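Asker: The sequence isn't on hand, but the structure is:
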């Protein structure tokens, strides 16, 4: 079974600072990898995904993530935080042979002015 | 374009009552997923359909929960009888197909069982 670990349930950054959200997965075979964002009282919105090919993936709102097979990681970054980035972020994995998404526990991002 | 539409947005009812949550997936999407989100357990996949057929319902917590997809544009999740521990936000999501296609989520139904 897949498992996803997001390190840090809360991250606080200053506006304009780097945002780094960590995600590690456990799988013997590299799965499909996703990052979703959830704003208050809304559903999840896809930020980016990795399936195959280039390991650095660019998504919406200036976010990007890098798949590192050797570290079983898929960390999410944004060079400069904006107030509108305050939300909860979920890393998710799906086995290549299956279609079930397993979500991490989520990381809440707070942006300080 | 219309996204995934869920109704109602909020539901408050007393324990023992039947609860029906509704979902309209994005037109043209062949796969539909029901999730439950709680503080304690996070996001859990309950059941998913492909081409209106239930593929995996292993996440359904107990027999009180049932889901149907009578056609490509409508699905229901029913709880009968409801219990306070069923209180959660229930999300419906759809995708073009299974595999690496991204899932598009509705805004959820916040369910409170008193």
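Answerer: Structure's in. What do you need? Only a predicted model underlies this, so the values are computations on that prediction, with no experimental measurement involved. Residues are numbered from 1 along each chain as shown, chains lettered A, B, ... in the order given.

Asker: My read is that residue A:112 contacts residue A:82, right?
Answerer: No - using CB atoms under 8 Å as the test, residue A:112 is too far from residue A:82 to be in contact (11.8 Å). Bear in mind the C-beta positions are built from the backbone N, C-alpha and C, glycine included.

Asker: Could I get the full set of strands for the chain?
Answerer: Let's take chain A. Ranges of strands in chain A, per DSSP state E, are A:3-7, A:10-14, A:19-26, A:32-38, A:44-50, A:56-58, A:64-68, A:73-78, A:87-94, A:102-103, A:107-112.

Asker: look at chain B instead
Answerer: Using DSSP E, strands in chain B cover B:5-7, B:10-13, B:19-24, B:31-38, B:42-50, B:53-56, B:65-71, B:74-79, B:88-95, B:104-105, B:109-113.

Asker: right, and those - which one's nearest residue A:92?
Answerer: strand B:42-50 (8.2 Å; CB to CB).

Asker: other SSEs contacting that closest one?
Answerer: strand A:102-103, strand B:31-38, strand B:53-56, strand B:65-71, strand B:74-79 (3 or more CB pairs under 8 Å, 6 or more residues apart in numbering or on different chains; DSSP states H and E).

Asker: Dump the strands of chain B to CSV, plus mean neighbour count and mean pLDDT.
Answerer: Formatted as CSV, the strands of chain B follow (neighbours: other CB atoms under 10 Å in any protein chain shown; pLDDT from 0 to 100):
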stretch, mean neighbour count, mean pLDDT
strand B:5-7, 17, 97
strand B:10-13, 14, 96
strand B:19-24, 19, 98
strand B:31-38, 23, 95
strand B:42-50, 20, 94
strand B:53-56, 14, 94
strand B:65-71, 15, 97
strand B:74-79, 19, 98
strand B:88-95, 24, 96
strand B:104-105, 22, 94
strand B:109-113, 18, 97
